[in-house]
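Visitor: Test case, fold it:
(one chain, ligands or ions: 1)
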Amino acid sequence: MITFAGVTKRYPDGTVAVDHLDLEIPAGRITVLVGPSGCGKTTTLRMINRMVEPSEGTVTVDGRDVRGVDPATLRRGIGYVIQQAGLFPHRTIVDNIATVPYLLGWDKKRARARAHELMERVGLDPALARRYPAQLSGGQQQRVGVARALAADPPIMLMDEPFSAVDPIVRAGLQEEFLRLQRDLEKTIVFVTHDIDEAVKLGHRIAVFQVGGVLAQYATPDELLERPADDFVTDFLGGERGIRRLRFFQELDAEDSAAGTAGDAAAEGEGGRTAAAGR
Ligand SMILES: Nc1ncnc2c1ncn2[C@@H]1O[C@H](COP(=O)(O)OP(=O)(O)OP(=O)(O)O)[C@@H](O)[C@H]1O
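Guide: Model prediction:
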């Protein structure tokens, strides 16, 4: 579990990016941070792996205050995926994916074998292994980014708008594959997006931020759609809230019938999508 307790981030110029944040992010689930531009999502994400240090308050990972953990050690257990993948342009795909295993001192053969295994896992054709990032499509590059973050099998993954640079159709495909992957891997995932549809599709829990870094609501997708906490959240969900809710339940039904878990989900009785979708 990852927790934020009374966390504020004030940048040196006085900008308050995150304001008194209390948040509990469960293990093995997808938690989505969503909100308009500049509301502090990326800052929140980066405080987990110490790329940004809080001005006040405490961030813990599995009960340990991250300030007490050496940043390099901390980041070894936390994969990080960013928009447009952030791949090394002069390294082949296989070597991009093997970056962390190399850093960890794995021998080249083992690191490359791991990279090939991950390429298959994220749906990349093995023939792409020797290409360079510029020779791949945007969607393929994002898959490489995910594979690279998974290479050392970190229990936690931070994902900052990982699918936002690709067109809507490719994006929908990446989202589906990501959900399938997560069902197998059960990582603790913190996922940043400004797209409420993506948040509802992927999140077991959704944290809605408003400008000024204030957490407006933290809820399961169905709770959020059914009971927005205030006018800001209602506006952010938009006029299509009813349609979104309908689509959310249609997707859930489809997943249930695919997985044959409808009965079990009802029996589990855990709120929201978490139990129902069996993720
Ligand atoms: N290094 C910095 N110095 C000063 N202000 C910063 C710095 N980094 C971010 N900010 C400000 O902090 C606020 C939150 O930024 P952050 O990047 O966390 O938001 P965000 O929700 O991820 O935005 P976006 O969706 O546009 O990426 C913004 O007002 C931003 O301008």
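
Visitor: Let me see the ranges of the helices in this protein.
Guide: 41-48, 71-76, 93-97, 99-103, 108-121, 138-150, 168-185, 196-202, 221-226, 231-237, 241-259, 262-268, 273-276 (DSSP state H).

Visitor: Kindly report the residues of this protein close to the ligand.
Guide: Residues of the chain that fall close to the ligand, judged by Cβ under 6 Å from any ligand atom: 11, 13, 15, 17, 35, 37-43, 194. Just so you know, the C-beta spots here come from the backbone N, C-alpha and C atoms, and that holds for glycine as well.

Visitor: Which residues are in contact with Q140?
Guide: 124, 128 (Cβ atoms under 8 Å, 6 or more residues apart in numbering).

Visitor: Check it and give its pLDDT.
Guide: Looking at Q140, its pLDDT is 88.

Visitor: How about G35?
Guide: pLDDT, G35: 93.

Visitor: where are the low-confidence patches of the protein?
Guide: Where the chain drops to pLDDT under 70, the residues are 84-85, 239-247, 252, 254-279.

Visitor: Give me the residue at the spatial middle of it.
Guide: F191 (2.4 Å; Cα atoms, centre = their mean).

Visitor: From the structure, what's the count of residues near Q83?
Guide: If you count neighbours by other Cβ atoms under 10 Å, Q83 ends up with 17.

Visitor: contacting residues around the residue nearest to it when sequence neighbours are not counted?
Guide: Sequence neighbours aside, E161 is the residue nearest to Q83 in space, at 4.4 Å (criterion: Cβ to Cβ, 6 or more residues apart in numbering). Taking Cβ under 8 Å, 6+ apart as the criterion, E161 is in contact with 82-83, 192-194.

Visitor: likewise D95?
Guide: So D95 contacts 88, 102, 112, 115 (Cβ under 8 Å, 6+ apart).

Visitor: Check the residues of the chain next to the ligand and tell me the two furthest apart.
Guide: The most widely separated members of those, counting by Cβ to Cβ, are D13 and H194 (22.8 Å).

Visitor: circling back: sort out for me which of the contacts of E161 are in strands.
Guide: The strands, defined by DSSP state E, take in 82, 192-193 from these.

Visitor: Can you tell me which of the residues you listed is closest to the ligand?
Guide: Nearest to the ligand among the ones in strands among the contacts of E161: V192, at 6.3 Å, using Cβ to the nearest ligand atom.

Visitor: Check which residues of stretch 17-30 are buried.
Guide: 17-19, 21, 23, 25, 29-30 (16 or more other Cβ atoms under 10 Å).

Visitor: Got the domain ranges for the protein?
Guide: The chain breaks down into these domains under automatic domain parsing: 2-77+154-276, 91-153.

Visitor: quick one: contacts for whatever residue of the stretch 101-250 of the chain ends up closest to the ligand?
Guide: Nearest to the ligand in the stretch 101-250 of the chain, going by Cβ to the nearest ligand atom, is H194, at a distance of 4.9 Å. Going by Cβ under 8 Å, 6+ apart, H194 touches 34-37, 41, 161, 164.

Visitor: Any quick PyMOL command for the buried ones out of the residues you listed?
Guide: With 16+ other Cβ under 10 Å as the burial test, the buried ones among the contacts of H194 are selected in PyMOL as follows:
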select buried, resi 34+35+41+161
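
Visitor: Just the ones of the contacts of H194 in strands?
Guide: Of those, the ones assigned to strands by DSSP E are V34.

Visitor: Could I get the contacts of H194 in TSV, plus columns for distance to T73?
Guide: Formatted as TSV, those follow (distance: Cβ to Cβ, whole Å):
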residue	distance to T73
V34	30
G35	31
P36	34
S37	33
K41	25
E161	26
S164	30
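
Visitor: check contacts around L215.
Guide: Contacts of L215 (Cβ under 8 Å, 6+ apart): 21-23, 207-209.

Visitor: beta partners for it?
Guide: Beta-bridge partners recorded for L215 (DSSP bridges): F209.

Visitor: any idea how far it lies from I156?
Guide: 20 Å (Cβ to Cβ, to the nearest Å).

Visitor: Same question for G238.
Guide: Taking Cβ to Cβ, one finds G238 at 31 Å from I156.

Visitor: Look at these two and report which has more neighbours.
Guide: Counting neighbours by other Cβ under 10 Å for G238 and for I156 shows that I156 has the greater number, 21 against 11.
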